[in-house]
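Asks: No sequence on hand, only this structure:
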């Protein structure tokens, strides 16, 4: 493999899309040492990029897992092809479903199946500390794919930095963290993945009286009080403009799921399966806390509280919190946060199912430490909803009706202003009139420009989810 010289003219580097982030830098158009570029790549967990064209293309493909049979490549040549998946393993919890599910054939509005996630962009594992990272590797039996070794090496090198920065934050903010408090009752948005939780979250935080955990805060829960300003100001280019799985904007300052902070901090979370998606799913009990020892639940809730208190130190406002994984935990959250309010959102399962399958494929492709095979993914989606909603329907009876409101994704899309007005009125939140102009502006501009992904589903798949999710269809009026 030829590595070329260690310097190249900036014109040539900018012409190479592999170095797209340099286009946003204000630097002179002279020759610069490649060492600077290498340091940036190194800091987010990658290695030097060769200048030999063929070697560079192969390196970038390997770094992103984009081999010839990658879903990214196969999708761009005409969409996914239907194939018969392997049967679930005996140890796989999704085997409870019984029948093997045929994959959904999807069509999207984009040229490829997923938005590109650059090789230099950090993954959530980069925010871990050494002990958490080692436990994750050990629990995954160190089954790191060859093409993902640069990612694993980069995470390994970044974890001690997170520890040092966490000590710095503790030293600087010890007093304020000890006295931290929530600045009002938290509002939890719950519902299945792809049911509109992200859209509702984005709309709610348009009200400047509220705030939310940001992407960076969830990426670096141990030290964001001392580092977030730097990444927002100087490292915005590290993240792409769109999320991999849909057309929602991405960025360090965007509202994010607090579940990712728990994942990065080493708490049990179903999201840990993304590291080793070819292994059996993990931590499914944490979707509903069923069979989880009470002391472990208390530990989990205390860490969540500590994270939200730290976010409150940074924002100084009441929090809007969104995590689909909280759907089957509402009774526990209501007990831990006695004044909390809950917004539950539902969506037609015929759109929910293929969109969720697409979500996991996109996240696995980006985050995994091995090349995902996407086996038994459809069964996993079915089992997760079943667990979450069996628990939600049981636990919601323990939450006062004045603290929980149900909305439908279809109503939110049809009339976002009226839907949010009903949420504010039912939960007795702040005066909606102050937030209404911002919501109306969004509805008149961004709402009209946003394009949802289109999905196609076979009659067999529709019959299957109707049977598996019958209660969801009936309870939320999707028959």
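Replies: Thanks, I have the structure now. Keep in mind it's a predicted model, so treat the numbers as computed, not measured.

Asks: what's downstream of the helix-or-strand element of the chain with minimal mean pLDDT, the next helix or strand?
Replies: Counting by mean pLDDT, DSSP states H and E, the weakest-scoring helix or strand in the chain turns out to be helix 71-76, with a mean of 33. The helix or strand immediately downstream of helix 71-76 is helix 130-139, counting by DSSP states H and E.

Asks: I would like the residues contacting that next one, please.
Replies: By Cβ atoms under 8 Å, 6 or more residues apart in numbering, the residues outside helix 130-139 that reach it are 125, 128, 144, 152, 155-156, 159-160, 163, 264-266, 272, 275, 282. For the C-beta atoms, the positions are set from N, CA and C on the backbone; glycine is no exception.

Asks: how far is the helix ranked longest in the chain from where the chain is centred?
Replies: Of all segments of type helix in the chain, defined using DSSP state H, the longest is helix 149-178. Average the C-alpha atoms of helix 149-178, do the same for its chain, and the two points are 21 Å apart (Cα atoms, centre = their mean, to the nearest Å).

Asks: got it, and stretch 194-210?
Replies: Per Cα atoms, centre = their mean, the displacement of stretch 194-210 from the mean C-alpha position of its chain is 15 Å.

Asks: first vs last residue of that stretch, how far apart are they?
Replies: Its first and final residues considered, stretch 194-210 spans 23 Å by Cα to Cα, to the nearest Å.

Asks: Max pairwise distance over the contacts of helix 130-139: which two?
Replies: Looking at those by Cβ to Cβ, the two members farthest from one another are 160 and 282, with 25.4 Å of separation.

Asks: So for those two, which residue has more residues nearby?
Replies: Of the pair residue 160 and residue 282, residue 282 is the one with more neighbours under other Cβ atoms under 10 Å, namely 19 against 12.

Asks: Can you report phi and psi for the more buried one?
Replies: Main-chain torsions, residue 282, degrees, to the nearest 10: phi -120, psi 160.

Asks: for residue 430, same thing?
Replies: Note on residue 430: backbone dihedrals following degrees, to the nearest 10 are phi -60, psi 170.

Asks: With residue 371 instead?
Replies: In terms of degrees, to the nearest 10, the main-chain angles of residue 371 are phi -70, psi 120.

Asks: how many neighbours does it have?
Replies: 19.

Asks: That one and residue 148: what is the separation?
Replies: In this structure, residue 371 and residue 148 are 7 Å apart, going by Cβ to Cβ, to the nearest Å.

Asks: Likewise for residue 443?
Replies: From residue 443 over to residue 148 the distance is 42 Å, taken as Cβ to Cβ.

Asks: for residue 132, same thing?
Replies: As for residue 132, its distance to residue 148 is 18 Å (criterion: Cβ to Cβ).

Asks: Contact partners for residue 253?
Replies: Contact partners of residue 253, counting by Cβ under 8 Å, 6+ apart, are 214-216, 232.

Asks: Which one of those sits in the busiest neighbourhood?
Replies: When neighbours are counted by other Cβ under 10 Å, residue 216 leads the contacts of residue 253 with 24 neighbours.

Asks: in which helix or strand would I find that one?
Replies: For residue 216, the host element (DSSP H and E) is helix 215-219.

Asks: Strands along the stretch 201-350 of the chain, start to end?
Replies: Under the criterion DSSP state E, counting those that start in this stretch, the stretch 201-350 of the chain carries strands at the ranges 320-322, 341-346.

Asks: Can you add mean pLDDT and mean neighbour count and give the ones you listed back as CSV?
Replies: Supplementary listing: those in CSV, determined by pLDDT from 0 to 100; neighbours: other Cβ atoms under 10 Å:
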stretch, mean pLDDT, mean neighbour count
strand 320-322, 98, 25
strand 341-346, 98, 24
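
Asks: can you redo those strands as a markdown table with distance to residue 365?
Replies: Below are these laid out as a markdown table (distance: least, Cβ to Cβ, whole Å):
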| stretch | distance to residue 365 |
| --- | --- |
| strand 320-322 | 23 |
| strand 341-346 | 26 |
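
Asks: Surely residue 383 touches residue 284?
Replies: Yes: the pair residue 383 / residue 284 is scored as a contact, 7.3 Å apart, by Cβ atoms under 8 Å.

Asks: Leaving out the residues flanking it, which one is nearest to residue 224?
Replies: With sequence-adjacent residues excluded and distances taken as Cβ to Cβ, 6 or more residues apart in numbering, residue 224 is closest to residue 217, at 4.5 Å.

Asks: Touching, the one you found and residue 308? I think so.
Replies: No: Residue 217 lies out of contact with residue 308 (Cβ under 8 Å); the separation is 10.2 Å.

Asks: Who has more neighbours out of the two?
Replies: Legend: neighbour count by other Cβ under 10 Å for residue 217 and residue 308, higher for residue 217 (25 against 18).

Asks: any idea how far residue 156 is from that one?
Replies: Note on residue 217: its distance to residue 156, by Cβ to Cβ, is 23 Å.

Asks: cool, and residue 234?
Replies: In this structure, residue 234 and residue 156 are separated by 24 Å, where distance is defined by Cβ to Cβ.

Asks: who's more crowded, these two?
Replies: For residue 234 versus residue 156, the count of surrounding residues by other Cβ under 10 Å is larger for residue 156: 16 against 10.

Asks: ok, so what distance separates that one from residue 149?
Replies: Remark: distance between residue 156 and residue 149 (Cβ to Cβ) = 10 Å.

Asks: what's the span of stretch 320-329 from first residue to last?
Replies: The straight-line separation of the ends of stretch 320-329 (Cα to Cα) is 16 Å.

Asks: and what of stretch 322-341?
Replies: Using Cα to Cα, the gap from the first to the last residue of stretch 322-341 comes to 12 Å.

Asks: Would you mark the buried spots in that stretch?
Replies: By neighbour count, and taking 16 or more other Cβ atoms under 10 Å as the criterion, the buried residues in stretch 322-341 are 322-334, 336-337, 340-341.

Asks: Equivalent analysis for stretch 163-173, please.
Replies: Along stretch 163-173, these residues count as buried under the neighbour rule (16+ other Cβ under 10 Å): 165-166, 169, 173.

Asks: what's the answer for stretch 405-413, then?
Replies: Of the residues in stretch 405-413, those with enough neighbours to count as buried (16+ other Cβ under 10 Å) are 405, 407-410, 412.

Asks: Can you name the two of the residues you listed that sit furthest apart?
Replies: Spatially, the most separated pair among the buried residues of stretch 405-413 is 405 and 410, at 15.8 Å (Cβ to Cβ).

Asks: Contact partners for the residue nearest to residue 224?
Replies: Contact analysis of residue 217 by Cβ under 8 Å, 6+ apart lists 224, 228, 256, 261, 311, 314.

Asks: still on that earlier bit, save the buried residues of stretch 163-173 as CSV, and put in distance to residue 390 and pLDDT too.
Replies: Converted to CSV, these look like this (distance: Cβ to Cβ, whole Å; pLDDT from 0 to 100):
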residue, distance to residue 390, pLDDT
165, 41, 98
166, 37, 98
169, 39, 98
173, 41, 97
